[in-house]
Every structure is written in structure tokens, then in C-alpha cells.
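**Student:** coords please:
(chains A and B)
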Protein chains: 2
Amino acid sequence: MGVIFSRSTEYLESYDQTEDKISDEPNGMIIKNPNIASMEDDVLYHISLSSGTQDLKEMFGDIKFVCMGGTPKRMESFARFIQKELNIKLPTGTVLEDISRHSYRYSMFKVGPVLSISHGMGIPSVSIMLHEVIKLMYHAQCKDVTFFRIGTCGGIGLPSGSLVITEEVFDGMMRTYLELHVLGKTIQRPAILDPHLAHELKSVADEKLTKYKTVLGKTMCTYDFYEGQGRLDGAFCHFEEENKIEYLQHLEEQGIVNMEMESLAFAAMCNYAGIKGAVICVTLLNRLHGDQVNVARDILEEWQHRPQELVAEFIKKKLGLE
Amino acid sequence: MGVIFSRSTEYLESYDQTEDKISDEPNGMIIKNPNIASMEDDVLYHISLSSGTQDLKEMFGDIKFVCMGGTPKRMESFARFIQKELNIKLPTGTVLEDISRHSYRYSMFKVGPVLSISHGMGIPSVSIMLHEVIKLMYHAQCKDVTFFRIGTCGGIGLPSGSLVITEEVFDGMMRTYLELHVLGKTIQRPAILDPHLAHELKSVADEKLTKYKTVLGKTMCTYDFYEGQGRLDGAFCHFEEENKIEYLQHLEEQGIVNMEMESLAFAAMCNYAGIKGAVICVTLLNRLHGDQVNVARDILEEWQHRPQELVAEFIKKKLGLE
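**Tutor:** Numbering: from 1, shown residues only, chains lettered A, B, ... in the order given. Down below sits the predicted model:
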């Protein structure tokens, strides 16, 4: 086996995330894979699209906002909500359709300049989708696109139902990069989110969404929901409650306000692709008080709607629709 | 923060996987978390069940086989297939229903002694489901349950449409354990599959499924579909085709016959829980010849059915229904 990298661990440069950098490209997005331009047909298998058999520029060229979250149901509900908020009328006799329905993997809806896509749970699942959606944006020659993850999370020291806009992402070992194994070597990609975008979202929340708490804070992203987030209620647990509380308090002292399972890959991939990205999650519980999510369904649904409200207000502001 | 483990890396013991070990427990499965027994209500949030409000023993106590795969669609189709194969009649006026439909996370169907569940994509997604299904088996006091993952994969050096029964699992760095970050420490769990079960499945395939190739082999499980599996067609690629081919040939020399994204967690969690588990995947392409999955939908569906056929034959044999 040949030597592929000169060092076994390689810090890859992060992009300068200015709008200029992206929009400077005459044909839309830059893409860090020279192979894609020469492919006759690029099958985006998991989102059920293809550059060879479909005119992706005609279909998706007007996209400016890509919003993603865990479940198909939530992202369909966001599509209908943003349609109402942006006052977008569908032609008589048409309805929204799940564009990726034939993949059975993700659900995707398009409403004017907004794409709403489910990403499943965990870093591998969101990463497959991001690879294909970044390629979709490239094939469609989209410019100045902003990505949002609107999700759910466990809070640390916050009242349930709070919104967290992530400023910095850490993995379960407090590292600020995504680690990948590529051709037998370890690669680290800095997980950096756009600070201006995060602060702009916080301003919008402060102005428009005053009924619940919204904070800017540090997020821990884990590969495991139970043991990986220090829960006592998984199928396995070999530590005591006092160890868990000590650990969560330690995280709180470090400024960690929430834990979820996708932001590390989202931040690293957006940053590496030169795309502005933001992560907005609602806390379903305060982990200092428990582990189980046992909120009534109607309250849960109201909470899950909160990140959608913030992103809708932000998009309306950007489109001058206030 | 307190010291939680005396060593920062801890090799946890693996279970002796004999049937005796499991069935010896008078009340069904053993569970490696002392907290679960004392919980008044254990909310299995992501599969939408709860031990406090539902009689899980009455609902699931007869389960002997748990079959899991990526998509809800495939697992619903497996449920209907196994219903036919086991000749199980539903009461007049009833239909199969997705038991976990309110979670919007996973789909679950029950057909007699068989549970058919989707696990989404990637290790974190399958691990959330396994935590909750292992707890479900415990609450339901199930005995001698066998778990199967029936999935899709990329093959190395095999004709497309081949079945691979995994003998050994490796991660992207050729390590044979699942690494977890728990309370800021690294834990490694051996990813060991039951060798007798794998060989028994191979015998069934040799006897019953002779129209396509079935092999026992080593599987690489990755956290990333594109760069992590050496694909040239992701949104990012910083290596050349010759590096990729060299790498895949190197894996082939080590006996790796396929790559997928869940087996490491499946093997490690089944082993740690003392559950017999097997991974059976169909190859959708030969990675030495390409990266893209661009097979016609009807052929893809026929291939995806093959792991189901093997598991169905195995279950029929175990139930004496041949």
C-alpha cells in the first residue's frame, strides 16, 4: 500500500467564510473535488437525484437557504410553515412532494428559495446527506447559500424549551474538529461555524422571539446518545449518578450548554465547503435534572417548532419580507 | 471533575456467548445496567414505547428474532415477507402497523416471533435503536433472542448482488473494537460476532440459496460513506484514483470483502449484551470497478431482498417450518 499523505494526521485548511469568497465564483459554488466537474452523470443516490438525467440548475438554481433536521415529519412540517411565512403560493392543483421519496433514506421539500431536508440521526447520517446536498448546490450553480441545522438536544443548566444557537462545537473529548479515517489515515477537519451568522440569528431572536429563552453557547456533539452523553438509562451503564453529575457540571463550567449528535460534522463540512452554516437546537430537557425525554406530545411539538420560527424570521429578514 | 476510571482506556470484558448464559436467567435477558430494574417508567423515546404505560412482556414476550436494516420501507417489506414465509395469519380485519410510528425516528413491525426494525444510517443511529431494543427485550423478558442486521454494502472483488455474512468487523483503521467517549474517557468494546451463527447461516445459504454467491468474510465498517470508504465522488476528495485502488487492493489482501456503516456497533453491542448477532449484507457494486450505485431500481430491489431470503430460511429452519 502506497504512502498517501506525508503525515498521518493532517490539519486541512479552513475556508475564509466571506460571502465574496463564495459568490466570486462565476458559476456558483466552489467544490473541493476536481472529479465532479468531469462526471457525465453524478447519481446522488441517497437523495434520489442525478445530474445526468435531471436539469438540477433549472430545478434548484434559485435555492438560497438549506434547512435540515432529524426527522422527515419535522422537515415536511417546516416546508409547510415556511411556505406560509414566505407567502408562497403553489400553482392550482399542485401539492408539495417529497423530492427524495424514492431513496427511502431522506425526505426533501422545496419551497421557493428554501430546501427542507431530513438528515436522520448522528454524524454518519448527516454527513452522507451533506455530501450529496453540497454536490447538488454545485450542480445547480447556487450562489450564497446558507445552511441551517434545526434540531433537538439535551440542555445543561437551561430551562427545557430553550433555543441554543451554537457558537462552538466540541466532540465528546472536547476536541473542536471532526476526525475522519480516509484510506487508512486520520484526517482532522476544524468544526467552525460562522460567528456573524450566529450573532445575527441571536439578534433576530432577541427582537422577534421573546416568549422563550435563546442563548449563544458551546455545543457538545457525541456519537452515542446514552453512554456517550452520560445517561444512566441506556442498555449499558457502568458509572454512578454522582459521576454523571460531576461530569455535566464540569461541562457546564466549560461553557457547554447543550449536547446533540450532528453539529460536529455539520460545522466541519460547511466550513470545509466554504458554506455559512448555523446550528439552532431546542432543549428537550435539562440533563442536570434527568435523562429521559418524557414530555407530553403537544408540548414537544411546540418546542420543536421554535428553531423553525427563528430560521423563518431570519429568512424573512434576508428576503426583505418583514 | 472526578476520576471516573482508573485507566483512560478500558477493555471491557466480552460475554461468553452460549445460549445457556442467556437462558439461564430466570426472567429472560440479563442487562448490564443496574438502574433499569428500578425504573418505574422507562420511556424508550426513539421507538415510542414505554415500560410504565404498556405491558411490554405481554406485547413482545414471544420475540425470538430481531431483524434490522436501514430503511423503514425495507423493514416493512421484510415484515410482510416473513409473514408469508412463516404462514402467519393476522386476525380478520387487522393489518400490520408501524409500532414506532409516533417517534418518526424508526419503523418497527412485529410478525409472530419476529421483530423487524429500521435503524437508519451509521453507527450512532443503529446504536440508539439497539440501546432501546435491548431494553425492550429485557422489559419483555425475552429469552434466547437472535439479532440480524440485513443490509446493503459495497463489495470488494465480488460480483454485485453477492451476499456477505460477516465473520469479523474492522473499523476504518483496521481496529476490531467500537470506541466510545464516556464521561470524557475512551472506552473500547470488542466487536465480536457469533462464529457459530455465521457458519450456520452459510450452511443454510449453501443448501437453499444457490442462485447467487454467498461468502463468509471480513467487513470494514466506516463512519463516512464517501471519503471514509475511499470514494472519488463525494463533495470532497483530495486523493487520486490510484491511491484509492491501491487502498482497496490492500484491504482485499487483508481479506476485507465489503464495506458498510453499522456492523461495528451492532457487533460490539450484541457481544456486550450477550446476544447472538449476525450481519448479512448484499453488495450493490464492486468498489474495484466504481463508486456510484447506479443500478436499475428493480434489480436493486431484487438484490436487497436476498439478505431477507437467507434470514427467512434460517428462521424457518429454527422454527421447524421447512
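**Student:** what number of residues lie near A:E301?
**Tutor:** 13 (other CB atoms under 10 Å in any protein chain shown). C-beta: built from backbone N, CA, C; applies to glycine.
**Student:** Kindly report the same for A:L300.
**Tutor:** Quick note: A:L300 (other CB under 10 Å) scores 18 neighbours.
**Student:** For chain B, see how far away it is.
**Tutor:** 10 Å (CB to the nearest CB, to the nearest Å).
**Student:** next one: A:V164
**Tutor:** 19 Å.
**Student:** and the closest residue in space to that residue that isn't next to it in sequence, what does it touch?
**Tutor:** Among residues not flanking A:V164 along the chain, A:N258 sits closest, at 4.6 Å (CB to CB, 6 or more residues apart in numbering or on different chains). Listed by CB atoms under 8 Å, 6 or more residues apart in numbering or on different chains, the contact partners of A:N258 are A:C153, A:G154, A:G155, A:I156, A:L158, A:V164, A:T166, A:G217, A:T219, A:M220, A:C281, A:T283.
**Student:** quick one: strands adjacent to the helix or strand hosting the first one?
**Tutor:** Using DSSP states H and E, the element containing A:C153 is strand A:146-155. For strand A:146-155, the paired strands and their directions (DSSP bridges) are strand A:65-69 (parallel), strand A:256-260 (antiparallel), strand A:276-286 (parallel).
**Student:** For A:G61, give me the backbone phi and psi.
**Tutor:** Per-residue torsions, A:G61: phi -60, psi -20 (degrees, to the nearest 10).
**Student:** Does it touch A:C142 like I think?
**Tutor:** Yes - using CB atoms under 8 Å, A:G61 is in contact with A:C142, at 6.4 Å.
**Student:** those strands in the stretch 51-200 of chain A, which residues are they?
**Tutor:** A:65-69, A:108-111, A:114-118, A:146-155, A:163-170, A:177-182, A:185-190 (DSSP state E, counting those that start in this stretch).
**Student:** Each with direction, which strands does the third one pair with?
**Tutor:** Pairing partners of strand A:114-118, with direction, according to DSSP bridges: strand A:65-69 (parallel), strand A:108-111 (antiparallel).
**Student:** Among these, which comes closest to A:S203?
**Tutor:** strand A:65-69 (17.5 Å; CB to CB).
**Student:** what does that closest one rub up against?
**Tutor:** A:75, A:78, A:82, A:113-119, A:126, A:129, A:133, A:137, A:145-151, A:266, A:307, A:311, A:315, A:318.
**Student:** roughly how far out does whatever helix or strand A:K218 lives in sit from the chain middle?
**Tutor:** If you go by DSSP H and E, A:K218 is part of strand A:214-221. Strand A:214-221 has its C-alpha centroid displaced from the chain centroid by 13 Å (CA atoms, centre = their mean, to the nearest Å).
**Student:** Could you check the angle that strand makes with strand A:146-155?
**Tutor:** 80 degrees (axes from the mean of the first three to the mean of the last three CA atoms, to 10 degrees).
**Student:** CA atoms only for the following helix or strand past strand A:214-221, dumped as CSV, please.
**Tutor:** Note on strand A:214-221: by DSSP H and E, the next helix or strand toward the C-terminus is helix A:241-253. Provided in CSV are the C-alpha atoms of helix A:241-253 (Å, rounded to 0.1, in the frame of the first residue of the first chain):
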residue,chain,number,x,y,z
GLU,A,241,-25.2,9.1,39.1
GLU,A,242,-22.6,11.2,41.0
ASN,A,243,-20.0,10.6,38.2
LYS,A,244,-22.6,11.8,35.7
ILE,A,245,-23.5,14.9,37.6
GLU,A,246,-19.8,15.7,38.2
TYR,A,247,-19.2,15.3,34.5
LEU,A,248,-22.1,17.5,33.4
GLN,A,249,-21.2,20.2,35.9
HIS,A,250,-17.6,20.1,34.6
LEU,A,251,-19.0,20.6,31.1
GLU,A,252,-21.2,23.5,32.3
GLU,A,253,-18.2,25.2,33.8
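**Student:** Is chain B within reach of helix A:241-253?
**Tutor:** Yes - contact of helix A:241-253 with chain B (CB under 8 Å from any CB of the partner chain) involves A:E242, A:N243, A:K244, A:E246, A:Y247, A:Q249, A:H250.
**Student:** what about that helix, distance to the chain center?
**Tutor:** Distance, centroid of helix A:241-253 to centroid of chain: 26 Å (CA atoms, centre = their mean).
**Student:** what comes up buried for that helix?
**Tutor:** Buried residues in helix A:241-253, counting neighbours by 16 or more other CB atoms under 10 Å in any protein chain shown, are found at A:N243, A:K244, A:E246, A:Y247, A:L248, A:L251.
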